[in-house]
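Asker: Sharing a model that was predicted from the sequence below.
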Amino acid sequence: MTTEFLDVGRISMHFAAMENVILKAAARPLSLPHRIATYAGTLLMVSAATIAGLLLVAQWGNATVVLLYLPPVLVAAIYAGLRNGLFAALISALAFNYYFTAPYHTFFIHSPADIVTG
């Protein structure tokens, strides 16, 4: 941690760089129960997005329902890390393919346009 002082007349400012503290905190490995809890939370967020999509698909259509999966992926990546973000993206793609692309309730992709979105 580096420290700098700046004195301009009646005002003194103190700056402390926290880069090393942040890197050390990010480098700490999580315990197994904590890692399981982050993956469970990720799965819960994607499940909530899927349920919301199932309730709204008749009004919005498939193209806009896919946007419901962005917040869980972003939240998982920002707060739980890259692996949870990738897990959320994979589970979201599978859920969207299973529930919202024809033929429904399969992982088969019939339309070439759905390959890009699914």
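Answerer: Yep, it's here. Numbering: from 1, shown residues only.
Asker: which residues in this protein form helices?
Answerer: Taking DSSP state H as the criterion, the chain carries its helices at 19-27, 32-60, 62-65, 70-80, 82-100, 112-117.
Asker: Count the neighbours of the nearest residue to residue 85 once chain neighbours are set aside for me.
Answerer: The shortest distance from residue 85 to any non-neighbouring residue, by CB to CB, 6 or more residues apart in numbering, is to residue 77 (2.7 Å). In this view, the C-beta of every residue, glycine as well, is placed from N, C-alpha and C. Other residues within reach of residue 77, judged by other CB atoms under 10 Å, total 18.
Asker: Just the local confidence number for the residue positioned nearest the centre of the chain, please.
Answerer: The centre of the chain sits closest to residue 73, judged by CA atoms, centre = their mean, with a distance of 2.4 Å. pLDDT, residue 73: 97.
Asker: In contact with the nearest residue to it once chain neighbours are set aside, which residues?
Answerer: Spatial nearest neighbour of residue 73, chain neighbours left out: residue 88 (4.4 Å); criterion: CB to CB, 6+ apart. Residue 88 is in contact with 42, 45, 46, 72, 73, 76, 77, counting by CB atoms under 8 Å, 6 or more residues apart in numbering.
Asker: from those, which two are the most distant?
Answerer: 46 and 77 (12.6 Å; CB to CB).
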